[in-house]
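>>> Give the three-dimensional model of this entry:
(chains A, B and C)
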Amino acid sequence: MFLAASLAIFLTMALALARALVGPSVYDRVLAVNMFGTKTVLLLSVVAFLYGRPDFLDLALAYALINFIGVLAVLHFFENRHGSDTHNAEDK
Amino acid sequence: MMTVVFGVFLLTLLVITAIGVVRSENLFTAVMLMGIFSLLMAANFFILDAADVALTEAAVGAGISTVLLLGALALTPPTERHERTGRWMALGVVSLTTLVVVYATFEKPRLGDPDAPVHQHVAPWYLEQTPALIDIPNVVTAILGSYRAYDTLGEVIVVLTAGVGVLFLLGLPGAVGDRKPEDLAKGRTYLSHHLVPQVVGRLLIPFILLFALYVQFHGEYGPGGGFQAGAIFAAAIILYALIEGEREALEVISPRLLVWMMAGGALLYGSVGIVTMLLGGNFLEYNVLASNPVKGQQWGIIVIELGVGVTVAGVLLAIYHAFAARGR
Amino acid sequence: MATVLDVLSWIMLLGGGGFVLVGGIGILRLPDLYTRMHAASLTDTLGTLLILGGIMLQAGLTLASIKLVAIAIFLLLTGPTATYALANAALMSGMYPKDTKLPEDMPS
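From the prediction side, this is the model:
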């Protein structure tokens, strides 16, 4: 059963990656990266139990905290750009 | 078998991400895809049972590196500049290197083969002797902190040098260069106008700091250690800087304190070596630190990991402030 | 009792996996940024609760369960906040949902 859940999470990670590659605006890509991050946390938890090593849950906990900081940093730095003179969200 | 299936899946996604990074024109896209790349590598290390490396890659690569690259991108134009010269030579060099590496994998032993050369010489000795000599469950920390402590001292000096290099180039308001923290615009960042991220961020920061301390001192019993703890500590202060403002963050951990942290951690590590020499042993021979040699080893590892954590946190924070305080 | 727990955790893990997969399909096929945000954030939260709950039932009352509770609380706190910040940033930068009629006196 752990194997089935981990395969489902793998597939979702692939789909989120597809959206990050295609997504027309930056916000689509940020959404996809955030989703990829939370799926990674779930994958780490499931695989830690699949391999019988519950001490590895520290990694999932660390990544759950860091994912949030990454998303906020993207939004902050994307809003406060100084190098470009066009403030356009629809870039490829 | 399961490891191979997971590994093939992750590595395929890795190749797709790498192609996406190369083909994208917008640098923000490339940075976010590099964040995904680091996550995939961390997952790859994880399924190969290398938990310490996976934790470091997740904390430093997917977390701090992405934030630092974004801080740099906030100062540059958003698309890459096209270089037209030297592309064929680059393609030739890369193809040649790829062929050589692929040829080298023909002689590689199978994954987990007990007769592989890497499992023959020093590795069984480390695994057998650690319970008797050092008595901590995490052999990776034992190797990093005690058997190869001199190499880890070199790594800490490399981290310190990187921080010093960035400070030479960019300066740090209040410590290096002639800008003062009072010159920064009274920091109302984008996120400080919104209540929800502020409340949630303020709730989380104490727990992230506590978790950093847990990872620091728990490194002997599970995945953890100084490098990971320093990165998580720096992430907590970066979160504070994002939701409250650059100036407030520089008041909490002042630039002088950052410079002291950077150098002080490496100094702490080196002084452990000097103390062991003064007590009669060799440089970084922890056995002489306590009456019981095993206890001495454990004390030595705790103190040097603390030094590593302090230096890494100081360097990462100094580099973040050097970039983020520049655009004002 | 043990089989009840086993069956329950099977159901939760498979359900969680299913919801996560639905979220992945949604983020790829829905037409607009804001509809994709619905797919991503809702299924994230529900999938997290179900999958971590299923693992907790298997682990019993150990330190691992407490760490799983901590992971669940952090993901529940930070997921909606990240979605809020993202939606706010997108709206403030001028990306409105498709077929939005702005009032005439609204500053752009």
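
>>> Could you pull out the helices in the chain for me?
Picked chain A for this. Using DSSP state H, the helices found in chain A span residues A:2-22, A:26-50, A:57-79.

>>> could you do chain C instead?
With helices called from DSSP H, chain C shows them at C:2-29, C:33-59, C:63-92.

>>> roughly how far out does the strand or helix carrying residue B:56 sit from the chain middle?
Under the criterion of DSSP states H and E, residue B:56 resides in helix B:51-56. Distance, stretch centre to chain centre, for helix B:51-56: 10 Å (CA atoms, centre = their mean, to the nearest Å).

>>> Output the contacting helices and strands for whichever helix or strand comes after that helix.
The helix or strand immediately downstream of helix B:51-56 is helix B:66-73, counting by DSSP H and E. Under the contact definition 3 or more CB pairs under 8 Å, 6 or more residues apart in numbering or on different chains; DSSP states H and E, helix B:66-73 sits against helix A:57-79, helix B:27-47, helix B:293-324. Placement of C-beta: from N, CA and C, glycine included.

>>> Dump the very next helix or strand once past helix B:66-73 to PDB, restricted to CA.
Next helix or strand after helix B:66-73 toward the C-terminus (DSSP H and E): helix B:87-104. This file holds the C-alpha atoms of helix B:87-104, laid out as PDB (Å, rounded to 0.1, in the frame of the first residue of the first chain):
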ATOM      1  CA  ARG B  87      28.900  27.000 -29.100                       C
ATOM      2  CA  TRP B  88      30.300  24.300 -31.300                       C
ATOM      3  CA  MET B  89      33.400  23.900 -29.200                       C
ATOM      4  CA  ALA B  90      31.200  23.700 -26.100                       C
ATOM      5  CA  LEU B  91      29.100  21.000 -27.700                       C
ATOM      6  CA  GLY B  92      32.200  19.100 -28.700                       C
ATOM      7  CA  VAL B  93      33.800  19.200 -25.200                       C
ATOM      8  CA  VAL B  94      30.500  18.200 -23.500                       C
ATOM      9  CA  SER B  95      30.000  15.300 -25.900                       C
ATOM     10  CA  LEU B  96      33.500  14.000 -25.400                       C
ATOM     11  CA  THR B  97      33.100  14.200 -21.600                       C
ATOM     12  CA  THR B  98      29.800  12.400 -21.800                       C
ATOM     13  CA  LEU B  99      31.300   9.600 -23.900                       C
ATOM     14  CA  VAL B 100      34.200   9.200 -21.500                       C
ATOM     15  CA  VAL B 101      31.900   9.000 -18.500                       C
ATOM     16  CA  VAL B 102      29.600   6.500 -20.200                       C
ATOM     17  CA  TYR B 103      32.600   4.400 -21.000                       C
ATOM     18  CA  ALA B 104      33.700   4.500 -17.400                       C
END
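
>>> Give the rounded mean pLDDT of helix B:87-104.
When pLDDT is averaged along helix B:87-104, the result is 93.

>>> same thing with stretch B:213-221?
So the average pLDDT for stretch B:213-221 ends up being 91.

>>> swap in stretch B:198-209?
91.

>>> Show me which residues of that stretch are buried.
For stretch B:198-209, burial by neighbour count (16 or more other CB atoms under 10 Å in any protein chain shown) applies to B:200-201, B:204-205, B:207-209.

>>> same question, stretch C:45-61
Neighbour counts over stretch C:45-61 (16+ other CB under 10 Å) mark C:45-59 as buried.

>>> again, but for stretch B:145-159
Across stretch B:145-159, burial judged by 16+ other CB under 10 Å covers B:145-147, B:149, B:152-153, B:155-156, B:159.

>>> List the contacts of residue 41.
Since no chain was named, I'll use chain A. Contacts for residue A:41 (CB atoms under 8 Å, 6 or more residues apart in numbering or on different chains) come out as A:60, A:63-64, A:67, C:71, C:75.

>>> Oops, wrong one, chain B.
Residue B:41 is in contact with B:14, B:57, B:61, counting by CB under 8 Å, 6+ apart.

>>> same thing with residue B:179?
Per CB under 8 Å, 6+ apart, neighbours of residue B:179: B:171, B:173, B:325.

>>> Now flag whichever of the residues you listed is closest to chain A.
Checking the contacts of residue B:179 against chain A by CB to the nearest CB gives residue B:325 as the nearest, at 12.0 Å.

>>> Residue B:220 in helix, strand or coil?
Three-state call for residue B:220 (DSSP: H, G, I helix; E, B strand; the rest coil): coil.

>>> now it, nearest residue through space, not along the chain?
Once flanking residues are discounted, residue B:220 sits nearest to residue B:136: 4.2 Å by CB to CB, 6 or more residues apart in numbering or on different chains.

>>> burial measure for the one you found, as a count.
By the criterion of other CB atoms under 10 Å in any protein chain shown, residue B:136 has 19 neighbours.
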